[in-house]
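> sequence plus predicted model, see below.
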Amino acid sequence: MNKFTHIDNSGDAKMVNVGEKVDSARFAKARALVFLPKNVMEELKSLDFQTKKGSVFQTAIIAGIMGAKKTPELIPLCHPLSLNQINVEITYKDDLIEIICSAALSGKTGVEMEALTGASIAALTIYDMCKAMSHQIVIKEIELLEKTGGKNDYIKKG
């Protein structure tokens with residue numbers, strides 16, 4: 001079993017020391033799924049995803065980028081990172097909206113938390129933009145799809 005890196009020998013929380021690590025190219029991609037009731041999706045499609053609050057997808061993309069950049073302010077033990085790239089893509093099919101957030105940098109620690117945070121914040125923004133039509137919106141399957149750079153690479157299978 002892997003040791004938890006954010007807990008010291010006394011069981012207290014700690015921020016990992018990355019000072020000795022060498023900079024390397026790092027990339028992560030995460031996904032969030034948002035399920036909308038059929039009537040809400042039909043209404044959004046008929047409006048070209050424009051609401052009184054503005055464009056649902058464009059607002060969610062900007063929020064996802066902002067969320068990724070704010071990750072160390074939201075998650076206590078994350079390092080502040082100088083991100084080179086954040087990309088948020090949103091697609092839909094039937095009653096499902098898929099958000100893919102990717103983040104990249106050259107640094108001493110990875111960007112998977114930034115990608116996960118970006119996808120999560122974009123999903124929450126879609127909920128916020130659509131909640132007037134229904135509270136039966138479900139956000140689920142926020143997950144890491146890929147991480148490269150650092151000690152271990154990861155690509156989700158299936």
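The structure has been received and is ready for your questions.

> now residue 113: which helix or strand?
Per DSSP states H and E, residue 113 falls inside helix 112-130.

> what's that helix packed up against?
Here helix 112-130 touches strand 24-35, helix 56-69, helix 71-74, strand 85-93, strand 96-107, strand 138-148, going by 3 or more Cβ pairs under 8 Å, 6 or more residues apart in numbering; DSSP states H and E. Every C-beta, even on glycine, is put in place using the N, C-alpha and C of the backbone.

> ok, residues contacting the shortest one?
This points to helix 71-74. Helix 71-74 is contacted from outside by 67, 78-81, 113-114, 117, using Cβ atoms under 8 Å, 6 or more residues apart in numbering.

> list the buried residues for it?
71-72 (16 or more other Cβ atoms under 10 Å).

> the first one too?
Judged by neighbour count (16+ other Cβ under 10 Å), strand 24-35 contains these buried residues: 26-35.

> what does the fifth one give?
Residues of strand 96-107 classed as buried under the neighbour-count rule (16+ other Cβ under 10 Å) are 97-105, 107.

> direction included, what does that strand pair against?
Strand 96-107 has its sheet partners listed here by DSSP bridges as strand 24-35 (antiparallel), strand 85-93 (antiparallel).
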